[in-house]
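Q: Pasted the sequence and its predicted model underneath.
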Amino acid sequence: MQPKPSELIAARAALRAGRLIGLPTETVYGLAANAFDPVAVARIFEAKRRPYFDPLIVHIGRSSDVHLVAREIPEDAHALMKAFWPGPLTLVLQKQLAVPDLVTSGMDTVAVRLPQHPVALELLQSLDFPLAAPSANPFGYVSPTTRQHVLDQLTDEVALVLDGGPCTVGVESTIVGFPKGRATVLRLGGLSVEDLEACLGYTVPTQLSSSQPHSPGQLASHYAPARAIRLVEHGAVRPENGVTFLPFFNEEQPTFSLSEDGTTASAATRLFGLLRQLDHSPDGPEVWIEKAPESGLGRAINDRLTRAAHRA
Ligand code: TXA
Ligand code: MG
């Protein structure tokens, strides 16, 4: 999907004026501002009602721009950038002074990513500053995977939302940090741990604590929709009749499945849209959802489902 030149011009003007825009990426839509403008960045926190202790991801348009925001980049980070950028991978690196403290919540690290989306890339490559952009949803709500999802909740907060079509990945990026130079997964996401391990040649640990979040998107009930959800293990016996049940994949009724074709990739693109639908019918019976297989993208899907099912 190619961006409309007139929309790109309007987006650039809005960003230069310190305003917010909706930014399509391959994972989810972002709520973007000039990362080097602390006043504009503060507007992101206000618009999302996001606590200031939850730092933002900085988006760049080319790999070489990583040096604008990060320094002392470990060898393994370079290897991952080479293999997976542009793509659904965010790296947590030592920050440059130019990055405002507000972006990183006062930490000395910054989360950076190069998205794989033609509209995002064309915009980012035409700007002389990177874009700070968390997911474009009110804090604690399901991330948006279409332009309409953003407009449903944040119309008054944005100058415009660029149209990039539905997100092709559908869950947020995988976040990787480098304590002592070795990769550690801080958030499961659109790039599988198996792919990271194949690139690096070692077992990559995960550090996904929800009580003391290293990545605050990890809060236990982060995605909870209004309708109650109960999870069923993948491949478990189907619950008895009368229960509202969403299987992972049912060949006879693919549109009433999490995955339309049996793949985890399809389930990931549908997941947040389905959770939003459950919000539009909050008073219905509890919905039983079958988990994805616990490997590859399935791990990120099950992580989001577990948070969606969590009741504080
Ligand atoms: O796919 C994505 O990553 C999307 C698109 C828009 O790029 N963005 C996204 O942003 O999911 P957000 O704000 O919803 O999640 C950002 C996560 C937060 O959980 C935050 O805590 C973590 O990134 N994060 C940001 N800076 C960090 C840092 N320096 N160290 C550890 N975690 C960090
Ligand atoms: Mg988010």
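A: Thanks, I have the structure now. Numbers count the residues shown, from 1 in each chain. Ligands and ions are numbered 1, 2, ... in the order given.

Q: Quick one: low-confidence residue ranges for the stretch 201-312 of the chain.
A: For the stretch 201-312 of the chain, the stretches with pLDDT under 70 are 209-222, 311-312.

Q: And the strands in it, which stretches?
A: All strands of the stretch 201-312 of the chain, identified by DSSP state E, counting those that start in this stretch, fall at 229-232, 244-246, 287-290.

Q: what's next to the second one, contact-wise?
A: When contacts are taken as CB atoms under 8 Å, 6 or more residues apart in numbering, the neighbours of strand 244-246 outside the stretch itself are 232, 238-239, 256-258, 274, 284-290. (C-beta placed from N, C-alpha, C; glycine too.)

Q: which of those are buried?
A: Buried by 16 or more other CB atoms under 10 Å: 232, 257, 258, 274, 287, 288, 289, 290, out of these.

Q: Outline the domain layout of this structure.
A: Using automatic domain parsing, the domain parsing of the chain gives 5-200, 229-309.

Q: From the contacts of strand 244-246, list the ones also adjacent to ligand 1.
A: Applying CB under 6 Å from any ligand atom, the subset of these adjacent to ligand 1 is empty.

Q: Can you add distance to ligand 2 and give the residues you listed back as a markdown table?
A: Putting the contacts of strand 244-246 into a markdown table (distance: CB to the ion, whole Å) gives the following:
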| residue | distance to ligand 2 |
| --- | --- |
| 232 | 26 |
| 238 | 32 |
| 239 | 31 |
| 256 | 27 |
| 257 | 25 |
| 258 | 20 |
| 274 | 17 |
| 284 | 26 |
| 285 | 28 |
| 286 | 25 |
| 287 | 22 |
| 288 | 26 |
| 289 | 20 |
| 290 | 25 |
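
Q: Looking at these, which one is closest to residue 199?
A: For these, the minimum distance to residue 199 (CB to CB) is 28.1 Å, reached by residue 258.

Q: Contact partners for the closest one?
A: Residue 258 is in contact with 246, 247, 248, 249, 267, 270, 271, 274, 289, 290, 292, 301, counting by CB under 8 Å, 6+ apart.

Q: Just give me the neighbour total for the fourth one.
A: For residue 249, the number of neighbouring residues by other CB atoms under 10 Å comes to 19.
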